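In: here is the input, now give the coordinates:
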Amino acid sequence: MDADYAARQKSLEGPAWRSKLVGQFPGRRSHRRVQAGDEHLRRLHHYRQLCSNGPAGLRQAIALYPMIARAEALHESDKVDLLKVAVLGGLEGREIAERLRLDAGVIDVWEKIYFDVREMREAVGWIHVQVIEPERAAGRENLVARLKFATAVGPVGARAVLDLDTRIPLNEGQRLFDRRLKLHLKCDAAAEMTIETNREKMFFIRTYVHQQVEQDRLQLRERELSQRCQESLDKYEHAKIRRELVQERAERREAARERREREQQLIREAKATLWHQEVARCTARLTAEANAAAARAQASPLAELKWHKGTAEMAAPSPSIVERKATNILLPVVSQDASLPLGVKACGDILADDNTVTSTEPVAVPA
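Out: As a prediction, the model looks like this:
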């Protein structure tokens, strides 16, 4: 089918242009007008022809075209108004199917046959003439108000209208929003009414008064909700500040602890270094004294005396003996100095246990 021809038919016949055009086609499937249509037109034409052949033809039509049959049943159901609002609001077929618990394929077929408006949503004049005005002429003011709201607001408005019938509000904000939206739709529906008789005039006046009272109540509830929200926000901010202060205090304590540990480690390292330096100085001093004593002994006349044959010659003390002597000299100082680390004291204790300095006096024997 030519796209221009389909667009002209849609603009003239409205959203259900395929359904209306099929009714104008001749009964033969081989007719050129039928063959010139698109696939949806040809399928719908054949389905309608089979249905016109009685119960046997109806069963055959349902067997051949089950999706069209389900779309026909959907068009006669009570969900068709919600479908119109959702499609006119621009919701996707998958989302509509999830919300209304329908088959997305059936929704697509229904749109092609009865409500082909997705490509014309920006044409506000066409929507008003072909969609809204027929519903207003049928006396369906509530549906007119919902369609107008979905057209003006878009997907967000369509979801809000659908939630009015399917959602249970769980908090005060949702309840106030739903009440506000219901009041708006009710006022819009009242504005669409035709006021001719005295009864209709009285109904309109009662609706207006009810709208004013309900609006005042909603404003009061909104102020109360706004105050509670502000109080909750203040509590949240205070809790956030307290949590930040606690975290900052914990970070400061951790940083102080790490700083103390570093300082103590530096002190231990410095004292250990001083300990090793003092041991080295004491060892050097004792070594020098031992060497001087050995030199004096060699220069003494007693050096000419002969030692016993089985004894060793007198020599300077070994470095290990000197170090043990130095350690024994420093141990009293370590035990009295409480500022030295425990590790250093323990090291001194070990040296005191393992390094006991002993001296051996040589015995001189006359030659």
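In: show me the shaky parts of the stretch 1-150 of the chain.
Out: Low-confidence segments of the stretch 1-150 of the chain (pLDDT under 70): 1-3, 26-37.
In: burial of Leu91, as a residue count?
Out: 21 (other C-beta atoms under 10 Å). Yep, even glycine has a C-beta here, placed from its N, CA and C like the rest.
In: hang on, I meant Ile205
Out: Other residues close to Ile205 by other C-beta under 10 Å number 11.
In: check Asp188 too.
Out: Neighbour number of Asp188 under other C-beta under 10 Å is 16.
In: quick check on it: phi, psi?
Out: phi -60, psi -40 (degrees, to the nearest 10).
In: quick one: it from Thr194, how far?
Out: 15 Å (C-beta to C-beta, to the nearest Å).
In: same question for Glu141.
Out: The value you get for Glu141 to Thr194, if C-beta to C-beta is used, is 9 Å.
In: please say which of those two ends up with more neighbours.
Out: Glu141 (19 against 9).
In: residue contacts, that one?
Out: Glu141 makes contact with Ala189, Ala190, Glu192, Met193 under the criterion C-beta atoms under 8 Å, 6 or more residues apart in numbering.
In: go through those and flag which are in helices.
Out: Counting by DSSP state H, the contacts of Glu141 place Ala189, Ala190 in helices.
In: from the contacts of Glu141, keep the buried residues only.
Out: Among the contacts of Glu141, those classed as buried by 16 or more other C-beta atoms under 10 Å are Ala189, Ala190, Glu192.
In: quick one: residues contacting the second one.
Out: Contacts for Ala190 (C-beta under 8 Å, 6+ apart) come out as Glu141, Phe204, Thr207, Tyr208, Gln211.
In: of those, which is the nearest to Phe177?
Out: Gln211 (17.0 Å; C-beta to C-beta).
In: what's around the closest one, how many residues?
Out: 15.
In: how about it, nearest residue that isn't a chain neighbour?
Out: Counting by C-beta to C-beta, 6 or more residues apart in numbering, Gln211 lies nearest to Cys187, which is 5.2 Å off, once chain neighbours are set aside.
In: go ahead and confirm the one you found touches Gln212.
Out: No - contact criterion C-beta atoms under 8 Å: Cys187 and Gln212 do not qualify, at 10.0 Å.
In: so between these two, which is more surrounded?
Out: Neighbours around Cys187 and Gln212, counted as other C-beta under 10 Å, are more numerous at Cys187. The numbers are 18 against 11.
In: what helix or strand is that one located in?
Out: Assigned by DSSP states H and E, Cys187 falls within helix 172-191.
In: likewise Gln265?
Out: Per DSSP H and E: helix 198-299 holds Gln265.
In: quick one, that helix and helix 172-191 angle?
Out: 160 degrees (axes from the mean of the first three to the mean of the last three C-alpha atoms, to 10 degrees).
In: other SSEs contacting helix 198-299?
Out: helix 172-191, helix 319-336, helix 342-354 (3 or more C-beta pairs under 8 Å, 6 or more residues apart in numbering; DSSP states H and E).
In: buried set for stretch 287-295?
Out: Thr287, Ala290.
In: report the mean confidence score over that stretch.
Out: If you average the pLDDT over stretch 287-295, you get 87.
In: and that stretch, how far from the chain's centre?
Out: Here the centre of stretch 287-295 is set off from its chain's centre by 82 Å, with C-alpha atoms, centre = their mean, to the nearest Å.
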